[in-house]
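# structure for this input, please:
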Amino acid sequence: MKKILTLDTLVVSIASMTLFYYSSVQAETVTKNEIQLRDDVILTFPFPSIDKAIEKHFGKPKQYYCEQILQIKKKIEHKTYSYYNVNVQLTTFEGAHDFPYDLVTITFSNKNSMEWRVIDVKSRTLKPNEITKCRDSL
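Predicted coordinates for the structure are as follows:
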């Protein structure tokens, strides 16, 4: 009887640890997917503004891909007013995904406005060895 009780205790302990481990891994995976989904939704809001910012910055329209949110900052001016700055990064290209590739960072803000405005655009031309793969889509 004592051996059966010990074996039962061991089986229950292993099952509990496995369930606990699986639950934490599953929660982490869901969280990463939720963050990526959130980023994808947020990136749809400034879409026309991204096109205009790129055209103004480069003097011509450019195609782009690999859009991602680098940072979201909540800015608090005073107790009753706050706004957000969102940094978006993307890669531009010419023709059918040809050089030159440029890494572009655009900062959007909704300060004193209901609409998102571009407040800064920075870019640099990427070297061939700096081209990286985009993050996977959901």
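# let me see the mean pLDDT of the longest strand seen in the chain.
Once the chain is assigned using DSSP state E, the strand that runs over the most residues is strand 63-78. Average pLDDT, strand 63-78: 93.
# domain boundaries for the protein, per the record?
1-44, 46-130 (automatic domain parsing).
# before we move on, back to that, toward the C-terminus, what is the element adjacent to the longest strand of the chain?
strand 81-94 (DSSP states H and E).
# let me see the mean pLDDT of that following strand.
Mean predicted confidence for strand 81-94 is 94.
# rewinding a little: of the domains of the chain, which shows the lowest average pLDDT?
Among those, domain 1-44 scores lowest, with a mean of 57.
# the strands in the protein, which residues?
63-78, 81-94, 98-109, 117-125.
# how much space separates Ile35 from Cys134?
Computed as C-beta to C-beta, to the nearest Å, the Ile35 to Cys134 distance reads 16 Å. Just so you know, the C-beta spots here come from the backbone N, C-alpha and C atoms, and that holds for glycine as well.
# same question, Lys79
41 Å.
# more crowded one of the two?
Cys134 (11 against 6; other C-beta atoms under 10 Å).
# contacts only, for that one.
Tyr65, Cys66, Thr91 (C-beta atoms under 8 Å, 6 or more residues apart in numbering).
# and the buried ones among those, selectable in PyMOL?
In PyMOL, this line selects whichever of these come out buried by 16 or more other C-beta atoms under 10 Å:
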select buried, resi 66+91
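# could the contacts of Cys134 go into a markdown table alongside distance to Glu130?
What follows is those, written out as a markdown table (distance: C-beta to C-beta, whole Å):
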| residue | distance to Glu130 |
| --- | --- |
| Tyr65 | 15 |
| Cys66 | 12 |
| Thr91 | 10 |
